[in-house]
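Undergrad: this one's structure only:
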Ligand code: PLZ
């Protein structure tokens, strides 16, 4: 395979004629409910680019939603997964085990926060990991209630829809949802009524009061939170919020679950985002970046909690598939060898000042936030009222796409433009991407 040129190249309309032909076939054959941000059909991807059937090469600020942190064709991932493919594709770990699964669990024990004894169980998707974290917490505590947060996102299965905050498009018409899920406030600094400096302690006090009064701490199995809220708008809970909730969980025998499916594995410049405030979760859910693009997810945590589920109580046909495990070992090797935590911090150091300078020029930018290579701008119609401007987000994304930059939106109000480049992206492409964003803002 020839190396993929690390350049932006726009040679047709985007999407081009071949993509449009494929899109017509897709519309006839694929269910409408499965959307696509940008319907260009991909032939190759790697480093910081995605190449399409029309010969366009797009700069990638999406990483397949925070998945291909090591790139979409990382050498160690391809090498290890290919070797595993040739040896065997599947046995089912529940039937006859293999070393790769154990090696991934060992790596997770080493890399996740805390030096207590840890164990893991492997699954296929993020939602499946979150569901299993709840099962394990319920088995351990003998309690049922689960606490989730405003703006939280945890998946599209029935229990994780219940945990997810936003109705459209995730939940609408798909109920009834799983019971015993309770939602409480989160410290959204930019939108906190008394200002970002008060958001941490005030939101924590409100959340804790609601849990205590409305649910009863002694009924709560788990508190499930994203240390940086992803789909909800790249919200970093204001400082003090996570430690207060973590302490409350510890005081009341509640299992504290950090959902690091989007924020984990070097994305924020640390192995896990909860390290930023020194949080040691009881359980941590991971997926996405863990395996360089192959489907793999995990629940990792305190050995005594993980072992609370009875023998045979956890599993699934494909969980911890050997090819996905081999890919994960390749991805982790790449993260270590290239020091992708440092790369993520460098990406932040390049992006944040440039976006801050754009915010000086363009009033539509209400907030610039995020850490590492998980950066976003929140767009508003009015800086004083902070009225969300989802139309600006959609228009900016469309302008970027036309110019050959793949960006994603997010946010409860659909007004956040988020940037999740592969951590291996070249600096020239990173700056070129930022130039395109600036031009798009100027053209609004
Ligand atoms: N927890 C924190 O970010 C997946 C969803 C995209 P799955 N986020 C991308 C979409 O529209 O479906 C996610 C997440 C957090 C859980 C999940 C769920 O992970 O692998 O998509 O099931």
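TA: Now that the structure is in, tell me what you want to look at. Every value quoted in this text rests on a predicted model; they were computed, and no experiment measured them. Residues are numbered from 1 along each chain as shown.

Undergrad: Can you give me the buried ones in the lengthiest helix in the chain?
TA: Taking DSSP state H as the criterion, the chain has its longest helix at helix 340-361. Residues of helix 340-361 classed as buried by neighbour count (16 or more other Cβ atoms under 10 Å): 340-341, 343-348, 350-351, 354-355, 358-359. Bear in mind the C-beta positions are built from the backbone N, C-alpha and C, glycine included.

Undergrad: How is this protein divided into domains?
TA: 17-60+339-442, 76-337 (automatic domain parsing).

Undergrad: TSV for the ones you listed, including mean pLDDT and distance to residue 9?
TA: Formatted as TSV, the domains of the chain follow (pLDDT from 0 to 100; distance: least, Cβ to Cβ, whole Å):
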stretch	mean pLDDT	distance to residue 9
domain 17-60+339-442	98	4
domain 76-337	98	22
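
Undergrad: With distance to residue 3 added, can I get the ones you listed in a markdown table?
TA: Shown next, in a markdown table, are those (distance: least, Cβ to Cβ, whole Å):
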| stretch | distance to residue 3 |
| --- | --- |
| domain 17-60+339-442 | 8 |
| domain 76-337 | 12 |
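
Undergrad: closest one to residue 7 among those?
TA: The closest of these to residue 7 is domain 17-60+339-442. By Cβ to Cβ, the value is 6.0 Å.

Undergrad: right, is the closest one up against the ligand?
TA: No. Applying Cβ under 6 Å from any ligand atom, one finds that domain 17-60+339-442 is not in contact with the ligand, the shortest distance being 8.0 Å.

Undergrad: Quick check: phi and psi on the most centrally placed residue in the chain?
TA: Among the residues of the chain, residue 262 comes closest to the average C-alpha position under Cα atoms, centre = their mean, at 1.6 Å. Backbone torsions of residue 262, given as degrees, to the nearest 10, read phi -90, psi -30.

Undergrad: Repeat that for residue 9.
TA: phi -150, psi 120.

Undergrad: That one pairs with what?
TA: residue 57 (DSSP bridges).

Undergrad: can you tell me how far residue 398 sits from the ligand?
TA: Using Cβ to the nearest ligand atom, to the nearest Å, we find residue 398 at a distance of 19 Å from the ligand.

Undergrad: Surely that residue is within a strand?
TA: No. Counting by DSSP: H, G, I helix; E, B strand; the rest coil, residue 398 falls outside a strand, being helix.

Undergrad: The nearest residue to residue 109 once chain neighbours are set aside pairs with what?
TA: Excluding the flanking residues, the one nearest residue 109 by Cβ to Cβ, 6 or more residues apart in numbering is residue 118, at 4.1 Å. When bridges are called by DSSP bridges, residue 118 pairs up with residue 302.

Undergrad: No further queries at this time; thank you.
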